[in-house]
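**Student:** Okay, sequence plus prediction incoming.
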Amino acid sequence: MGNAKILIVDDELIMRESLAGWLQRDGHETETAASGEEALDKLKDTRFDILLVDIKMEGMSGLDVLKQVKENDPDVAVVMITAYGSIASAIEAMKNGAYDYLLKPFDPNELGVLIEKIMEHQAQRLETLYLREQDKDRTRFESMIGQSRALQEIFGLVEDVAGTDSTVLITGETGTGKGLAARAVHTQSPRCAGPFVVVNCGAFPEHLLESELFGYQKGAFTDAKTTKKGRLELAHGGTLFLDEIGTISMRMQIDLLRVLEDRIFYRLGGTQPIEADFRVIAATNRDLEQAIKEGTFREDLYYRLNVISFTMPPLREHKEDIPLLAEHFLHRFT
């Protein structure tokens, strides 16, 4: 993928030197800054492809650096470096535009894989911008149709979100196309060759939803005559789409939160931990912030799901798309 120009921002000398050494061995060009203020001075004269920024520093914090960098150059990839106790700050950084975060301690291989992933994403983004410029008047994107500004903005958001591996929360009224947007994110993502596993959380009572998600071992309950893989396991390597996430019970919310935190779970009746690598997209037509106030939805789960979010507009807000949709359905059903 070529070499990147990387700025390392950390107030610890040993961390700066270690990161610079690892990255230079991989052929990347590096510069370092001992503070947020020094980093911003360097950015006035030089454009970097990637910034590695420690969250906790003396003086200007990593979050402050991130905000100023994104105001001046929204396209630069910023990776936050954090200790275990600052994960909440790292998640806040993701909401403010950070590409990802690294949890101390990490090894050179982990860093190298992340840098390569960022470079691939940037290359794809440049190609997408070129294609978008070539096709400004497009009316279709994956399975979504619309030429209105509202839909064009959604198309652009989906493209931007797809290149990351962050959890996505899609909100909007029933029938606005949340499922289509979720599938588009998956299809445009590096996980597109993996499965797209859909779970309609509102379609199952609690005990059935549990077995659908986690699967079960033979003999786990009366009708468990064979072992069955759950949707979490089936989504390995791809995307898990949790539709109507606002309907699940408080107990299921706790179970789901554990899975989102470490991607490890157990089948019902099972004793062996199962690891699965999947991206989570959730959707709801409910106001989850109001549900938190009412005590029916966990705040910690909400923040786990709401790393990146967008809202699908109702048709009444983009009526100019009605003729396109009418034509589409006429062709489809005739």
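**Tutor:** It's in.

**Student:** ranges for the helices of the stretch 151-300 of the chain?
**Tutor:** 178-188, 206-214, 231-234, 250-262, 288-294, 299-305 (DSSP state H, counting those that start in this stretch).

**Student:** Spatially, and excluding backbone neighbours, which residue is closest to residue 284.
**Tutor:** residue 246 (4.0 Å; CB to CB, 6 or more residues apart in numbering). All C-beta atoms are positioned from the backbone trio N, CA, C, and that covers glycine.

**Student:** quick one: buried residues of stretch 218-238?
**Tutor:** Buried residues in stretch 218-238, counting neighbours by 16 or more other CB atoms under 10 Å, are found at 220, 224, 228, 230-236, 238.

**Student:** biggest helix in the protein by residues?
**Tutor:** Ranked by residue count, the top helix of the chain under DSSP state H comes out as helix 108-134.

**Student:** And that one, what's buried?
**Tutor:** 111, 114-115, 117-119, 121-122, 124-125, 128.

**Student:** Run through the neighbouring helices and strands of that helix.
**Tutor:** Under the contact definition 3 or more CB pairs under 8 Å, 6 or more residues apart in numbering; DSSP states H and E, helix 108-134 sits against helix 13-25, strand 77-82, strand 100-103, helix 149-162.

**Student:** gap between residue 28 and residue 116?
**Tutor:** 10 Å (CB to CB, to the nearest Å).

**Student:** now swap in residue 236 and tell me
**Tutor:** 22 Å.

**Student:** Check residue 163 too.
**Tutor:** In terms of CB to CB, residue 163 sits 14 Å off from residue 116.

**Student:** Low-confidence regions, the stretch 201-334 of the chain specifically.
**Tutor:** Nowhere does the stretch 201-334 of the chain drop to pLDDT under 70.

**Student:** tell me the strands in it, going along the chain?
**Tutor:** 215-216, 228-229, 239-243, 264-265, 274-275, 279-284, 308-311 (DSSP state E, counting those that start in this stretch).

**Student:** center of this structure - which residue?
**Tutor:** residue 166 (1.6 Å; CA atoms, centre = their mean).

**Student:** Could you list the domains of this protein?
**Tutor:** 5-126, 140-333 (automatic domain parsing).

**Student:** Now do the first one, average pLDDT.
**Tutor:** In this model, domain 5-126 carries a mean pLDDT of 89.

**Student:** quick one: it to chain centroid distance?
**Tutor:** 18 Å (CA atoms, centre = their mean, to the nearest Å).

**Student:** Then stretch 168-179?
**Tutor:** Worked out by CA atoms, centre = their mean, stretch 168-179 lies 16 Å from the chain centre.
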